[in-house]
Each structure stands twice: as structure tokens, then as C-alpha cells.
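**Student:** can't give you the sequence, but here's the structure:
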């Protein structure tokens, strides 16, 4: 089942390869079908998922494979190495509470991204092949339980993303694409060394060989005491933790490694921004929860406050930057940085409340930011500009659009009743109740105020008031005597059309529903998060 | 001075030669092929067809059969310790023959030959000569034999580099290659003479046992290894013996560039490994190094310098062949990392890396030729918009370049993974080398991606959207190489097992 959900898009990509490039509609429909099939599988996984099993790693007395679900485990490569035993790599997939929500999110955002890509006119065939490759790689990252396999998927994301930004992006796309590529590669190559080091330090309890299995690595009992990353090598373990953390933090992106994100977002086409903000950034924090923290719990415990401080910087710095932006998309990009700061803060709290909040925030940020970028794309398609001060009074001419924008903007600033509120509340409850992060949390609360400031201010400037003199559109008095808005060379519907509504309405529904009744997600994740917290807490404190 | 051998001695020499001739069949076969090609050229003179290239291809393919037969023979020295047959040598025999075949295939695709040269007769014969020379390099167990085989390769390479006689760049490249080659051979022979002076032996195994019995003067030893490294370093194109590489790679006919960058480099590595692993002592309480410097530290220096210099200078290149030349210098540095660890795992990693380099570098040069056929240029700027005009070539080149960077899921990633694993298996002493390797490969991403950047992200200056098809056979070859690059990146077991099988060298036991 997991193999299918991972490789469906690649299969679709192969089908598209055989379709002549003039058949644009067929190409789009094949991609959409693959994404919908992924969605159906995600729903099946959601329904069949047993929330009482913790996953993460082997529990005492349990199976050494841990209580993962939908597990697929096949030997992939078993090499004899000169003088060094053997190299064993497994094709090992499975989900637990941490990854299952991300799988659902990825399927959802992928499908919405395909719909949003409908307007791409340039080199449609190449676009959808790369898009499907990217979708497969993202899904693969979330379900891979073998570090080697994870790394392959992780690096596989880079090339399609490079081309998707670089070919279909805005005017400054070359710079943004290579910057994204270099930044993320820089983070991940060092991960490669840590991966090799971990391999030499961990023994699979079942076979007695070295292993790449993340399940085995998350259990400190499987480490060789004197190995390079074994428990005796305190310094190397610390360095390895830091290297992994930077690698993942670049993806999050965490200050000061965030500078690629605004460039990438501004240049990327709308669907790619949606994917980037909706799924890719989550991989950073997911990697921390799956790999970085459980493999080095004692280092995590010692550096919680550092992570918390970086989270707070992200929250406040991101909000300040967003406040200063003239470009709407850049503002949303910085708000993304700010909101990922909450995830970091929740993780740094190190307790169940904070971690649940962080994971829930990852899901909510995925849906809300996807919505924000889609909405930015809607107005950019019509006006060909994203400058906030080129708009004004839009709410009277595009009421549906304005309504959805309001929901999305309020969800983003954490209004009670919308999903963002619950996750941010959990993060703060967690951060306050942890001694380490209490004061950091107090400072971080300011982020909410600034967040409200930039969101409300932009809402006011764009949607309320009257048309500005240099606005990106004209007003015409129609036959019915009312004023109508007119965008230059925009032939389509002024307000949202059916395709745009199909993308946005499900996200709005999810945001409202999860804001009122969060249990469908929380119920799935709490057992695993509790187990994760247990793994992360040193024995002395437990 | 010399006593003439008696009749009985001559009898025994001839008997040994006769007995050993069975171990030498692939080389004899290839020598016959060399002569046959000259005859074919004479007979078929003036006819414009593929007779020569096809017979070269078939002939080389035939030699694989004879090499395969040698697996049944026991490993050992032949011809009075001049020559050796072992799994390590067999690996390189396959390697060079396959590389020769690919060079022929690439030559057939290169349209520049039609305009530049009238006769291809010597060309194919010289490729065969080069294959023989390289096979002998990989199998030499004696200083004399090492020198002879290296010169055989060098002289063939000089002529082939200058094969476009009327093209000044090609002639310039040949001359540069010759001058650098002569100087470095001279230095190497001087180093050999020092070794001979120390031991009175020319056989590598005898040299080693001589050293272990009588010890040596560390100063002389380091001087000798330094001089010899000049010869080997020239062959593998490592900094600071790399100066010929960019000009030669740019000026030579592209198939020759591809062949030199892969096979000649591999031959240099084969020789380097055999010489240093077997003949020269390293470390241990018996052998005092001067200031802790021995040949391993020299290799580390070479490796680090190559990785940094090759990758950094490549950033400024505007010509694709030149860019690949600097990348090949950098790759020499990566391959040296596998030799430095000096264990069976390291040898396996080195051999695997050579295989991966074979595939991705030949692939890249092949696409460069196909593109040059259509556009007549190897400049980065003229690659603009090619992704649309030659979709398969663009995709294939991107895959090869990604593999050269070392990103999954390609064979180049596995090559780097093996090398770095071999380094880290030694604990943390070589960690810093792995770090340099990793950081320079991030740098390499930038210049490798310049090519896809021009192909895909920029529009071609001409507004016409003509598609250029390199032809069915070229497309198939390209697609197969691209497929293999990815396939072996995911399922690398057979290649890796073969590399492991090939790592034992006669006269050496690495743990």
C-alpha cells in the first residue's frame, strides 16, 4: 500500500513520457488521476490506521521492528565489503503517528497542486513529469524507515524542484533555483557523513549486522559503545547532532539559514510555492522528529533551549520581515518562516503538549499556507502584480475571494475556531510548562501580535477602502449601473472560478473543521508523540 | 662484463617463456588485431565506410572472450617476474577493452572526423595500441615493464591527441602533452633509478622484501617516491601534475578526450596502487619516516589539492570540455581518497568509483559530441535552449552530471558513498578528508548545473524552435547509458561484488 502511494506519481510520470507533448489535457488528467488515487489511498490509510500503536522505535518487550503500520520490508542491497563484513540496505517503509498525518497532508497538497498547475502553459509535459517525480520523492521521505532510502528520496526532491523553479519561475528564477539547490545540498551532504557514521555504530538486534534502519537507530541499546557515534563518543555525537540539525533546519527554514526561502517562493510558480510551503518545509521538522532527536536524545535534551531560542527568533524575525514586505507573496513567505518557528518552539519544549502542538501545527501550516499561496496566485494571475499597495477595496468587487482570504488570513493569525489557533495554543501550553522554554515562550507570544499586525494591515490595504489611483485594475460602470472591476488582459471570471474554488474550498473546510474538532488528527498522533517524548527523555529524569 | 648464457640456460629461458605464453593470450591477440587493422586499412584504402571501426569493435569484443578465459588461471608472476596475472589486472583488462570499444563507438558518432581527417587507418590501430599498453600497465610487476608500458600508452596518446593535423588547437594539445609527458617520465625514471640503487632489484615484490630486510634511508626514499609520483600523477591528472589536462582535453578529438580522461586515468591508478601497495613500505615500527612523511601523506596532499583546485577552477570555465577537464582533476582527488585508506575496502571502493566514473564520464562526453555535431560548438553559451531542441540528449546529460556531482539515485552517489564509507570505517582519523570531499562536491554542483541551466533555463538566441535529432543509434546508446547510470545507482550489488572480487593483488595481503 505504501509502495503504491509512493510510486503512483512516478508511474504517472512514465505514462506521461509516452504521451505526445501536444496532448496537454491528457497529461494534466493523468497527473490528476494519479494524485486523486494517492488521495484515495491516503484516506484508506487514515481509516485503517490504528491510533493505539506508538511506532517510533521498539518498545521494551515488543518487536524489535517497533509497532509501525503498513510495514513493507524487503532486502534491497546486501554487499560484501572488503574486510568489513557487509553493507545491508533495506527497502523499509512504514508509518506511525508522526508520519501518517504527513502522508495525508502530502496527498492532499499534491492533488491541489495538480489542480493549481492547470494554468501552466509552457512545456506542460516536462512540467508534469518533474512534478510527479517531486510528489513521489516527498511521499517517499515520509514513509521511509531506512536512513539510506530516506536519503535517496530526500536528495531526489532537489533536482525536480530546481527545474520547477528554474524553468517555470519568475524573472529572477535562475538565481533562486541555484540558491535553493546549493543551500539544501549543503545541508544534506553532511547528513551523508552522519549516515555513514551511524551505520558503523548501530547493530540490528535481529540480524546482528550493521544497519541503516531508523527503527534500530532510535533505540540506544543497539549502539556499539565505542563506535564513532556510540554512547562513549560524546563529542562526535554532539557534532553529528548539530550537523543533522543544520541539515534539517535549512529545510525548515530556520534563521539564519532561511534566506533561500523568500527568493524561492517569489520566483516559483504558484503550485510549486504551494508544494514548497505545504509539504517541503515540513520535511525539515519531520526529519528532526524522526531522525535528529530520537537518535541523539541526550544531545537533544542538552540543547533544547538553543532550539527554543532559534524558534523564537524565527517567530519574531519572520513576523518583522513580513511586516516590511511590499510584495504579498514575500509577506506570505516570511509568515511561513514565522509559523515554522512555532513548530521549533513546540519541539524544543520536549513535552507531549509541545510536540503534539508542533506536529499539529505542521499539518495546519501545510493547509493554511497552501491556501495563502493559492490566494496570492489568484490575484497575481489577474493583475500580474503582487504589490500590496496596487490594490484597494477589492472586497466589494470580488466578494467570494475576499471571504476566503479573510478565513485564510485569520486562520494564519491564529483566530480561535480555526485550526491554527489550536496548534499554536498547544505549542504555547507546552512551552510554558517546560522549565527550559518558559521565558522563551513569553517572548515568542509577541510574534502573535506582530503576526496579527501584518496580516490585518495587508487585509485592510488590499480589500477595504477604495481603489487607489495607481491600482492594477480599472473600474467600469456596467449596464446594471454598478461598478465592475476590470483587469487588463484577463479574460476569465473576475471572482474565483470553479477550478479555484475546487482547490480552496476543501482547505477552508479542513481549516474550520479542525479548528472546531481537532480530534481526527490529534487522536492519531498522541500515542506516537507520547512515545517519542519518552524516548527523548533521559533515563535520569524519566 | 656480462657472461653469455650457456646453452642450457637459454633452453630453460625458452622453456619458461613457452610455459608462460598461455598467460599472455589477450595481449597477443590484441597485438595481432593491431597489425590486422593496418592491413585492412591498406586493402580498403579510399573506401568510405565503417569497415575499420566495425572490425575494431568486433576485434575488441573478441578479446573479452580471451580475458574471460584467464579467470581459470592461477594468479602469479610470469616472464621472470616482469608481468603478473591476478584478479586486479583482469578487472582493468575488461575496463580498458570496454573503454576502447566505447571510444570507437563515440568516434563513429563524431562528425568532426569527417571534416578534419582523410584517413582513419592509424587512428583505430593506435587505439588498440593504447589498450594493449594500458593492459600492460595494469599487469606490470617490474620497474622496466612499468616504464615500457607507460611509454607505449603515452606515445599512442600523443599521436591521437594531435590527430586533427590541420587544427592548431589539436596540434598544440599534442605538443603540450608530449612535453609534459617527457618531463614527468624523466622524473619517474630517475625515481626508479634511486629505488634500484637502494635495492638492486627491479621486481616490485623483490624490492619490497629487500626493503623489509635491509631498511632504507628515509630521505632518499621520500625523494624517490616524490619523483615517481610525478610520473603517476601525470597519468592520473592530479594536482600539481595536471597542467596538461585542460589544454589537452580541450584540443584533442573528443573521443580521445573521453578515453584519456577515463582509461588513461584508470591505468595510472592501477599502476599507482600496485606500485605503492606492493613495493614501497609504509608506516609500521620498522620503517622510520622522516618527519612522519611517507607516500601516504604525499597522496593525501595530492588528493586534497586536486579536489579543491579542480572543483574551484572549474567554476570559471566557459567551455564544456574544459569544464569536464577540471572536473576530471577533481575526480582524481576523490579516487585517491580510496587508495589512501589502504585496505581491501578502500581498494573495492576505488575500483567501484572507477567503474562509476567510466559510465558517467563517457556518457557526458558522448552527449557533448552529439551536441557539437549539431551546433558545432562546445561553448557553454551555445547550450542555451538545447533542452527543448534535443530532449533526450539534455535529459541524459543532466543525469550524467548529477551522477558526477554524486547525487542519488545515480551510480556516482554510490561511488562517493563507498569512498566515504571506506574513510569513515577507519574511525575519525580520515574524517577531515571526507569533509573536504563533501564540501568540494557541493561546490561542484554549481558548475555542473551550469550546463542544465543553459540547456533548460535559458532560451536559445535564435527564435526558431527547430528540433535536432542525433539519430536512432545515438539515441539508443545514450538512453542505455542513462538507464545504466540510474539502474546501478539503485541496484549496485553486481558491480560492487565484481569490484570486491577484483581487489586482491598478487603479492599483497590487505586486511
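**Tutor:** Yep, that arrived. The structure displayed is predicted, hence computed values, not measured ones.
**Student:** going by C-alpha atoms from here, please, whenever you check contacts or count neighbours.
**Tutor:** Noted.
**Student:** gap between whichever residue of the stretch 201-350 of chain B sits closest to chain A and residue A:78?
**Tutor:** Nearest to chain A in the stretch 201-350 of chain B, going by Cα to the nearest Cα, is residue B:345, at a distance of 4.2 Å. Distance, residue B:345 to residue A:78, using Cα to Cα, to the nearest Å: 15 Å.
**Student:** now do residue B:250
**Tutor:** For residue B:250, the distance to residue A:78 (Cα to Cα) stands at 41 Å.
**Student:** buried set for the lowest-mean-pLDDT helix or strand in chain B?
**Tutor:** For chain B, the helix or strand with the lowest mean confidence is helix B:112-116, at a mean of 80 (criterion: mean pLDDT, DSSP states H and E). Burial within helix B:112-116, assessed by neighbour count using 16 or more other Cα atoms under 10 Å in any protein chain shown, is assigned to B:112-113.
**Student:** same question, stretch A:369-387
**Tutor:** Buried, per 16+ other Cα under 10 Å, within stretch A:369-387: A:369-383, A:385-387.
**Student:** in the stretch 101-250 of chain B, what residue spans correspond to helices?
**Tutor:** With helices called from DSSP state H, counting those that start in this stretch, the stretch 101-250 of chain B shows them at B:112-116, B:121-139, B:143-161, B:168-199, B:204-214, B:218-236, B:244-251.
**Student:** let's have the ones you listed in TSV, adding distance to residue A:188.
**Tutor:** Below are those laid out as TSV (distance: least, Cα to Cα, whole Å):
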stretch	distance to residue A:188
helix B:112-116	42
helix B:121-139	37
helix B:143-161	40
helix B:168-199	39
helix B:204-214	43
helix B:218-236	30
helix B:244-251	31
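**Student:** and the stretch 51-200 of chain A, which residues reach chain B?
**Tutor:** Contact residues, the stretch 51-200 of chain A versus chain B (Cα under 8 Å from any Cα of the partner chain): A:76-84, A:152, A:155-156, A:163, A:166-167, A:174, A:178, A:182, A:185-186, A:189-190, A:192-193, A:196-197, A:200.
**Student:** touching, residue A:496 and residue A:399? I think so.
**Tutor:** No. Between residue A:496 and residue A:399 there is no contact, the gap being 9.2 Å when judged by Cα atoms under 8 Å.
**Student:** the more surrounded of the two?
**Tutor:** Neighbours per residue, other Cα atoms under 10 Å in any protein chain shown: of residue A:496 and residue A:399, the larger number sits with residue A:496, 20 against 14.
**Student:** can you narrow the buried residues of stretch A:369-387 to ones near chain B?
**Tutor:** Applying Cα under 8 Å from any Cα to the buried residues of stretch A:369-387, one finds that nothing falls near chain B.
**Student:** re the thing from before, residue B:345 and residue A:78: who's more crowded?
**Tutor:** Each of residue B:345 and residue A:78 has its neighbours counted (other Cα under 10 Å); residue B:345 has more, 29 against 14.
**Student:** where's the more buried one, which helix or strand?
**Tutor:** helix B:344-375 (DSSP states H and E).
**Student:** which elements pack onto that helix?
**Tutor:** Applying 3 or more Cα pairs under 8 Å, 6 or more residues apart in numbering or on different chains; DSSP states H and E, one finds that helix B:344-375 makes contact with helix B:87-109, helix B:254-259, helix B:320-340, helix B:391-405, helix B:411-424, helix B:472-490, helix B:493-501.
**Student:** which bits of chain B sit near chain A?
**Tutor:** B:343-346, B:348, B:407-409, B:417, B:420-421, B:424-425, B:427-428, B:434-435, B:438-439, B:442, B:445-446, B:453, B:456-457, B:491-493, B:496-497, B:500, B:511.
**Student:** and the buried ones among these, selectable in ChimeraX?
**Tutor:** With 16+ other Cα under 10 Å as the criterion, this ChimeraX line picks the buried residues out of these:
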select /B:343,344,345,346,348,407,408,409,417,420,421,424,425,434,438,439,442,445,446,453,456,457,491,492,493,496,497,500
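**Student:** how about residue B:266, what does it touch?
**Tutor:** With contact taken as Cα atoms under 8 Å, 6 or more residues apart in numbering or on different chains, residue B:266 is in contact with B:92, B:236, B:354.
**Student:** neighbour-wise, which one of those leads?
**Tutor:** Using other Cα under 10 Å as the neighbour criterion, residue B:236 leads the contacts of residue B:266 with 31 neighbours.
**Student:** residue ranges in the stretch 301-450 of chain A under the pLDDT threshold?
**Tutor:** The stretch 301-450 of chain A contains no residues with pLDDT under 70.
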